[in-house]
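Participant: Build me a model from this:
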Amino acid sequence: MIDIKHLKTISTLKDTGSLVNTARELFLTQSALSHQIKDLENKLDCQLFERKTQPVRFTPQGMLLLELASEILPRVEATKCRLKESLNQPISQLRLSVECHACFHWLLPTIKEFNNFWPDIKVDYERGFSYDAIPDLLEDDLDLVLTSDMREQDKLEYAHLFDFKLKLIVSPDHELAKKAYVTALDLKDETIISYPIPKERQDIFKHFIQNARFDGTLKTVDQGLLIFQLVSAGMGVAALPDWLVTPYESQGLIKSIPLGALGLNRPMYLAMKKTMKDNPVYRHFLNTCKQNNNR
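Facilitator: Sure, this is the predicted structure:
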């Protein structure tokens, strides 16, 4: 494996022209430097430069490694500078909103874990759910948004968290419960129960029913538990993420069915300003979200 220290060594050797000067520049003994270079040559199974030349003359293989060093080392230094700058601008809070009601199922444990590492940073999710939080993010009224829809991609960074499967849920005795999967035509006359989100933003209409005819009814409710209760009572059907459906289906309260023969997969993103994508606090929150959603 080629390490950063190897690239730095070979680059310094080119700049100084000798092993003696390179050892002095890197604060190494000549013995330690020679051992490091020999170990690298053994790993790569090639000679990097001709011995006993002044200045050092690199082999073709050594020149390839120098090219790599010239590409990588400046990027490493630039990243160090950005990280240092971000740490010099302390963050006291992260203002978060979600465009998915069902996210709260896993979001709250994620926030708790994040705060165990960053106890001085408050994650403010008092705004909670918003069906269109991106404008607030653009206006700097929010720092992070959980969403399945990418908009304003030229201004925002969208970090992919995971993919989830959207499933139709029906009462166990519903006529659709026996089907291997449902089609858009199967839903033509159904009552679809959903969170209070505009129809054009709902995944089941935007990505499944699309332009198919729908003569049924759209009924909106505020609470997820109420959706399950209404569906279980045979008062309509709903489309929800698989992680939210499983506990209720295991109790026999509802039956889940794939949307289409291949199922309907949707992504979940964490949106932020492009200027913050390398901030260590933001990156830690992103990684915590990913770790808590190993699907």
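Participant: any weak-confidence spans in this structure?
Facilitator: 78, 80-90, 101-102, 104, 126-129, 293-295 (pLDDT under 70).
Participant: For it, which segments count as helices?
Facilitator: When secondary structure is read from DSSP state H, the chain shows helices at 4-16, 19-25, 30-44, 60-87, 104-117, 134-138, 203, 224-232, 242-250, 280-291.
Participant: Please point out which parts of the second one sit buried.
Facilitator: Within helix 19-25, the residues that count as buried by 16 or more other C-beta atoms under 10 Å are Leu19, Thr22, Ala23. Where C-beta positions appear, they are placed from N, C-alpha and C, glycine not excepted.
Participant: List the contacts of stretch 278-295.
Facilitator: Stretch 278-295 is touched from outside by 79, 82-83, 86-87, 91, 94, 106, 109-110, 113-114, 117-118, 121, 123, 143-144, 159, 161-164, 243, 268, 270, 272, 276-277, with contacts defined as C-beta atoms under 8 Å, 6 or more residues apart in numbering.
Participant: how far away is Thr22 from Tyr248?
Facilitator: For Thr22, the distance to Tyr248 equals 66 Å [C-beta to C-beta, to the nearest Å].
Participant: Please read the previous query as pertaining to Leu137.
Facilitator: 32 Å.
Participant: thought Leu253 was touching Phe228?
Facilitator: Yes. Counting by C-beta atoms under 8 Å, Leu253 does reach Phe228; the two are 6.5 Å apart.
Participant: out of the two, which sits in the busier spot?
Facilitator: Each of Leu253 and Phe228 has its neighbours counted (other C-beta atoms under 10 Å); Phe228 has more, 22 against 16.
Participant: Give the closest residue to the more buried one in space, chain neighbours not counted.
Facilitator: Across the structure, with C-beta to C-beta, 6 or more residues apart in numbering as the measure, the residue nearest Phe228 apart from its sequence neighbours is Tyr248 (5.2 Å).
Participant: any idea how far the nearest residue to Leu7 once chain neighbours are set aside is from Gly17?
Facilitator: Counting by C-beta to C-beta, 6+ apart, the nearest residue to Leu7 once its immediate chain neighbours are dropped is Ala69, at 4.0 Å. Distance from Ala69 to Gly17, counting by C-beta to C-beta: 16 Å.
Participant: gap between Leu26 and Gly252?
Facilitator: 68 Å.
Participant: between those two, who's got more neighbours?
Facilitator: Here Leu26 and Gly252 are compared on neighbour count by other C-beta under 10 Å; more neighbours surround Leu26, at 16 against 9.
Participant: you'd agree that one is up against Ser11?
Facilitator: No. At 10.4 Å, Leu26 and Ser11 do not qualify as touching, with contact defined as C-beta under 8 Å.
Participant: quick one, strands of the stretch 151-295 of the chain?
Facilitator: Listed in chain order, the strands of the stretch 151-295 of the chain (DSSP state E, counting those that start in this stretch) span 156-170, 191-194, 217-220, 238-241, 255-258, 264-273.
Participant: could those go into JSON lines alongside distance to Glu50?
Facilitator: As requested, the strands of the stretch 151-295 of the chain are exported to JSON lines (distance: least, C-beta to C-beta, whole Å):
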{"stretch": "strand 156-170", "distance to Glu50": "47"}
{"stretch": "strand 191-194", "distance to Glu50": "72"}
{"stretch": "strand 217-220", "distance to Glu50": "76"}
{"stretch": "strand 238-241", "distance to Glu50": "62"}
{"stretch": "strand 255-258", "distance to Glu50": "65"}
{"stretch": "strand 264-273", "distance to Glu50": "50"}
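Participant: Tell me which of the ones you listed is the most buried.
Facilitator: Highest mean neighbour count of these: strand 238-241, a mean of 24 (counted as mean count of other C-beta atoms under 10 Å).
Participant: and Tyr125, how far is that from Leu44?
Facilitator: With distances defined as C-beta to C-beta, the gap from Tyr125 to Leu44 amounts to 50 Å.
Participant: oh, I was asking about Tyr158
Facilitator: Tyr158 sits 38 Å away from Leu44, going by C-beta to C-beta.
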